[in-house]
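*Asks:* Next come a sequence and a model predicted from it.
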Amino acid sequence: MMCLGIPGQIIEITDAERQLALVEVSGVKREVNVACVVEPDQPVESCIGYWVLVHVGFAMSRIDEEEAAKTLAILQELGEVQEELDAMQASQEALTEGQKP
């Protein structure tokens, strides 16, 4: 099974210099690289609110909110959303654990 991307919304910039942002996917938050979706000559903060397809830690492309909702519905029907969310949650928890003193 391979998921090409799961829709999420960019809610916060966590590291503008490294182009990292927090994306929320069905209530799960994950830090991802947004270099592929930041418009040229625009600050990285300009992408807050964008709906994007997230795959292996990268926001790969922008999509509109309607497309995001349709894609999430299809993935949920296929049972793929929970698997992706579980994987995102586990990797975020591993990152968080690694940052604790």
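*Replies:* Cool, the structure landed.
*Asks:* tell me what the lengthiest strand in the chain is packed against?
*Replies:* Scanning the chain for the longest strand, with DSSP state E as the assignment, gives strand 6-15. Applying 3 or more CB pairs under 8 Å, 6 or more residues apart in numbering; DSSP states H and E, one finds that strand 6-15 contacts strand 20-25, strand 28-33, strand 51-55, strand 58-63, helix 65-78, helix 80-99. Heads up, the C-betas are built off the backbone N, CA and C, glycines and all.
*Asks:* To Pro7, which of these lies closest?
*Replies:* Pro7 lies closest to helix 65-78 among the helices and strands packed on strand 6-15, at 3.6 Å (CB to CB).
*Asks:* The lowest-mean-pLDDT helix or strand in the chain versus helix 65-78: what angle between them?
*Replies:* Among the helices and strands of the chain, helix 80-99 carries the lowest confidence by mean pLDDT, DSSP states H and E, at a mean of 73. If you take axes from the mean of the first three to the mean of the last three CA atoms, to 10 degrees, helix 80-99 sits at 100 degrees to helix 65-78.
*Asks:* Just the endpoints, please. Distance across stretch 54-74?
*Replies:* Stretch 54-74 has an end-to-end distance of 16 Å (CA to CA, to the nearest Å).
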